[in-house]
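Colleague: got a structure for you, letters missing:
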């Protein structure tokens, strides 16, 4: 399998927050024909990195602007269909999912799909006018996995989960890629789902899917949560510890978990994903209350929110042009001992 990263992919910049001039970044991935046809996603940066106006927009291989939330398929299939998995993929063992990487491993900037903005670019979260960074809670340096989301999923805040007894957090479902490669912001990777952790964040269900990049050398040997315990001892415990404590330096209490903090298996995780996919479908078909969620998209079948490429291009072009990255406070590198 071949991975092509074209045009100035900024690994070290993403990880160490060094100053740089932002450039267009093209991510192309060629996968075995038995998995899917060649698929390209490009990213276009706007604004200044480390600023509130920084955005990463997504495009197809032929330059058409899309939403990473709504237009990138959830399921990896031969035909890259935009609604449901191919009939060829009938069992959970065969399923692969597309993951949009928002935060590279070891970095601190809290990047996320902007669910309330047109075309849902990736941006850095802001609270009280300040950019958000996760603290380094010893011994964890930034995010300890590649962190991101599954497209075409939505944790409906108006749906009370039967197990957690809480509503959803109003975002796409989160994913932790435990593979060895450090990915880049905006990269779209194929992942195998291994299990799920149910975090309760301020009274909301915030599922954390545990997955591995399908191209990772360890992927063939990792097919379940029990495999992770055997092959990567300590990783699951570190994951619970990270999610439990990462908000404490901000003065918040430790997060809680359903199921006594135990991970549920792959089959359970896939069912959670399918449920959030159904909620997303209802969202884009106006069968669910969207609130402030922006459903503008370029390609979703039966969606009332489709836009033309002229409209999409105008949205991107109205964003600030790329500029020099701003400096990052030394406070971001501070260690917290709890």
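Modeller: That came through fine. Predicted model, so just to flag it, every value in this text is computed and none were measured. Residues are numbered from 1 along each chain as shown.

Colleague: only C-alpha atoms for contact and neighbour calcs from this point on.
Modeller: Fine.

Colleague: How is residue 195 assigned, secondary-structure-wise?
Modeller: Using DSSP: H, G, I helix; E, B strand; the rest coil, the structure places residue 195 in strand.

Colleague: Can you tell me how far it is from residue 166?
Modeller: As for residue 195, its distance to residue 166 is 20 Å (criterion: CA to CA, to the nearest Å).

Colleague: for residue 65, same thing?
Modeller: On the measure of CA to CA, residue 65 and residue 166 end up 35 Å apart.

Colleague: if you count what's nearby, which of those two comes out ahead?
Modeller: Legend: neighbour count by other CA atoms under 10 Å for residue 65 and residue 166, higher for residue 65 (27 against 20).

Colleague: Show me what that one is bridged to.
Modeller: residue 59 (DSSP bridges).

Colleague: show me where pLDDT drops low in the stretch 1-150 of the chain?
Modeller: Counting by pLDDT under 70, the stretch 1-150 of the chain has low-confidence residues at 1-39, 78-94.

Colleague: Apply 90 and report the result again.
Modeller: 1-40, 77-95 (pLDDT under 90).

Colleague: Now do the strands in the stretch 151-300 of the chain.
Modeller: Secondary structure of the stretch 151-300 of the chain, counting by DSSP state E, counting those that start in this stretch: strands at 167-168, 174-177, 188-201, 204-213, 256-257, 264-265.

Colleague: export these to JSON lines and tack on mean pLDDT?
Modeller: Converted to JSON lines, these look like this (pLDDT from 0 to 100):
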{"stretch": "strand 167-168", "mean pLDDT": "96"}
{"stretch": "strand 174-177", "mean pLDDT": "98"}
{"stretch": "strand 188-201", "mean pLDDT": "97"}
{"stretch": "strand 204-213", "mean pLDDT": "97"}
{"stretch": "strand 256-257", "mean pLDDT": "96"}
{"stretch": "strand 264-265", "mean pLDDT": "98"}
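
Colleague: Among those, which comes closest to residue 333?
Modeller: Between residue 333 and those, the shortest gap by CA to CA is with strand 174-177, which sits at 21.9 Å.

Colleague: Summarise which helices and strands the closest one is packed against.
Modeller: Secondary-structure packing of strand 174-177 (3 or more CA pairs under 8 Å, 6 or more residues apart in numbering; DSSP states H and E): strand 146-149, strand 204-213.

Colleague: partner strands of the last one, parallel or antiparallel?
Modeller: Yep, that's strand 204-213 we're talking about. Short version: by DSSP bridges, strand 204-213 pairs with strand 167-168 (parallel), strand 174-177 (parallel), strand 188-201 (antiparallel).

Colleague: How about residues contacting that strand?
Modeller: With contacts defined as CA atoms under 8 Å, 6 or more residues apart in numbering, strand 204-213 is touched by 155, 157, 161, 164, 166-169, 173-179, 189-200, 219, 222, 269.

Colleague: Please apply the same query to stretch 147-154.
Modeller: 68-74, 97-105, 112, 170-177, 273, 276-281.

Colleague: and if we set it to 7 Å?
Modeller: Stretch 147-154 has contacts (CA atoms under 7 Å, 6 or more residues apart in numbering) with 68-70, 72-74, 98-104, 170-177, 276-277, 279-280.

Colleague: what's the answer for stretch 129-143, then?
Modeller: Stretch 129-143 has contacts (CA under 7 Å, 6+ apart) with 52, 105-110, 124-126, 246, 249, 332-337.

Colleague: Could you tell me which of those residues count as buried?
Modeller: Listed as buried from these are 105, 106, 107, 108, 109, 110, 124, 125, 246, 249, 332, 333; burial here means 16 or more other CA atoms under 10 Å.

Colleague: what's the average pLDDT for the longest helix along the chain?
Modeller: If you go by DSSP state H, the chain has its longest helix at helix 266-284. For helix 266-284, mean pLDDT is 98.

Colleague: Many thanks, we can stop here.
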